[in-house]
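1. Build me a model:
(chains A and B)
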Amino acid sequence: MSPAIYIFKREFRAYIASPIAYIVISVFLLITGWFFFTPFFLQNQANLRNFFNLLPMVFSFVVPAVTMRLFSEEFSVGSYETLMTLPVTFTQIIVGKFLAACAFIAIMLVPTLLYPLTVSVLGVLDWGPVIGGYLGALLLGGAFSAVGLFASSLTRNQIIAFIVGMAICFSLTLVNQMLFFLPKSMLGFFEYLGADFHFQNIAKGVIDTRDILYFISVGLIGLYGANLAMREKC
Amino acid sequence: MIHVENLTRYYDNFCAVDGISFDIQKGEILGLLGPNGAGKTTTLRMLTGYLEPSTGQIKVQDYIIGPDTLEIKKRIGYLPESAPLYHDMIVYDYLEYVAEIRGLDTAKKQTRIKELAQLCGLNAVMHKTIGELSKGYKQRVGLAHALMNDPEILVLDEPTSGLDPNQIVEIREIIRQIGQEKTIILSTHILSEAEATCDRIVIIHHGKIVADGSTQTIKQSAGKEQIIHITLADADFSSVHRLLEPVAGITRIENVSSPESDTLQIRITLVSDADIRKDIYRIIRKTDWTLLEFRQEAQSLEHIFRELTLEN
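-> Residues are numbered from 1 along each chain as shown, chains lettered A, B, ... in the order given. Below is the predicted model of the structure:
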């Protein structure tokens, strides 16, 4: 088996063994739960739109908090040197760490499945957009993980890794809100750059290859950036 | 086994390793010596494929660092300085993880971990978190990590730094035990350690090799120059200088007495294969000086090391 699997296993274990993971999950559930249920009974509509509207924003700071330690901790402890002198390639290390972050984010989303279950009890829920929303959440989480991994590969300081990752993720999310500043000719291009735009398309239940391609591209660019950063350290 | 040619490494504009070349034979224990910042760690990091050389070539068996780095990593066990391991892992889990990455199969994994626990004395701490271990135990876990796939080459960066005297003896014992069948490269700035464990010593200073050979040959090559210390009473320097100068081989006579003392301390530097202490003594006997001390400085490795690496 490829060493990437063992790196994934180690990283994932490190996640579930660390208290930070549970703090992040709690904060995530608290924020999404609060912002989802507060307006829910006022609007009196059986859908999860509030939850999914907010998700890119919440992910912008939760995902970098999950990924910040992946490389930074190794740099500051020095275990990066032991890792790099084992017979593994850059790609295997990056893939292993990336998948561990993705798996952790997927697990973080599991308790939120209670929201649609609750809603379906209270009213008639259209499951199409919910399934699309979760698929989009996984894609978004993956893309942001790659960005966070890249940020982590830049520095030995986890706080800097977190802030850089958050800055990039927030920019990608907020591009759509800034569009009215731009001339009309550039509108299409910048709209396409926005993570929120693509995520909301999928969350409507419309699965378009363009949107999926966007998340895959952001993910690959992030992972490639991490690869370049590792190369630079040699 | 290992062939290093013209190895150079720059960090930005700072040249850490400056064109060094050496060969290591199979089964040799090579000690890399040098003051702090001489380029020892950088050299080892290039040997193990962690850093890329700026220029120059490293060949391990038939593999070249660069295109075959992965193959070389499979054949080298490396213990970095102060054994940086994952602090949040249990010793057993960590060794299992290394075994898996090293590609040991399930059955072999178990027996190998048991063997290493025995060899490195880890049985008592197998279920402790690495972060809780003392430095000596951490070093042992690092050693077990390096030995996992029974590599032909072992690279150890300051394996005994920060350990207490008992631990140093234990780690050296393990190294010597392993060294009977493996090629070992270790760096150190403790000279007695290099003398005790290594077959061959390479001294590095400012990224250059300044001496290379067995402890014996290094001592001999530098050993032509001898130093004799004499302490006299009831004598003055000018007459001592006048009487001793004609002796064959003496190159320098210095007055090194401290101003407060009323004795005369003299340092004589000489280059000679023969022992000329007799000649000096005969001269002194003829005078009415009182001889308080007469001693030849032993050419220790330490002296040579200081000589070779002293800043000018």
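2. Now the residue in chain A that chain B sits nearest to: closest residue in space that isn't a chain neighbour?
-> Ranked by C-beta to the nearest C-beta, the top residue of chain A for proximity to chain B is residue A:78, at 2.9 Å. Glycine gets a C-beta too; all of them are placed from N, C-alpha and C. In this structure, residue A:78 finds its nearest non-sequential neighbour in residue B:84, 2.9 Å apart by C-beta to C-beta, 6 or more residues apart in numbering or on different chains.
3. Helix or strand for residue 100, just tell me which one.
-> No chain specified, so I'll use chain A. Following DSSP states H and E, the helix or strand that holds residue A:100 is helix A:90-109.
4. sorry, should have said chain B
-> Taking DSSP H and E as the criterion, the element that holds residue B:100 is helix B:91-101.
5. Confidence-wise, which helix or strand of the chain is lowest on average?
-> Looking at chain A here, since you left the chain open. Sorted by mean pLDDT, DSSP states H and E, the helices and strands of chain A end with helix A:184-193, the least confident at a mean of 82.
6. Chain B is the one I meant
-> Lowest mean confidence among the helices and strands of chain B (mean pLDDT, DSSP H and E): helix B:215-222, at a mean of 73.
7. which stretches of the chain aren't confidently modelled?
-> I'll assume chain A. Scanning chain A with the threshold set as pLDDT under 70 gives A:1.
8. wait, I meant chain B there
-> Counting by pLDDT under 70, chain B contains low-confidence residues at B:220-224, B:298-300, B:311-312.
9. would you list every one of the helices in it?
-> Taking DSSP state H as the criterion, chain B contains helices spanning B:40-47, B:69-75, B:91-101, B:106-119, B:135-147, B:165-179, B:191-197, B:215-222, B:237-244, B:277-286, B:301-309.
10. So which elements touch the longest one?
-> Pointing back at helix B:165-179 there. Here helix B:165-179 touches helix B:135-147, strand B:183-188, helix B:191-197, going by 3 or more C-beta pairs under 8 Å, 6 or more residues apart in numbering or on different chains; DSSP states H and E.
11. mind listing what the second one pairs with, with the direction of each?
-> Paired strands of strand B:183-188, with direction, are strand B:29-33 (parallel), strand B:153-157 (parallel) (DSSP bridges).
12. contacts for the last one?
-> Right, strand B:153-157. If you take C-beta atoms under 8 Å, 6 or more residues apart in numbering or on different chains as the criterion, strand B:153-157 is touched by B:1-2, B:40-41, B:44, B:47-48, B:60, B:75-81, B:143, B:146-147, B:175, B:178, B:182-187.
13. Could you point out the bridge partners of residue B:230 in the sheet?
-> residue B:266, residue B:294.
14. Does it touch residue B:266 like I think?
-> Yes: using C-beta atoms under 8 Å, residue B:230 makes contact with residue B:266 at a distance of 4.7 Å.
15. Spatially central residue in chain B, please.
-> Closest to where the C-alpha atoms of chain B average out (C-alpha atoms, centre = their mean) is residue B:33, at 3.5 Å.
16. Tell me the spacing between that one and chain A.
-> Distance from residue B:33 to chain A, counting by C-beta to the nearest C-beta, to the nearest Å: 21 Å.
17. Likewise for residue B:4?
-> On the measure of C-beta to the nearest C-beta, residue B:4 and chain A end up 17 Å apart.
18. Report the contact partners of that residue.
-> Taking C-beta under 8 Å, 6+ apart as the definition, contacts of residue B:4 comprise B:20, B:21, B:22, B:23, B:24, B:47, B:56, B:57, B:58, B:59.
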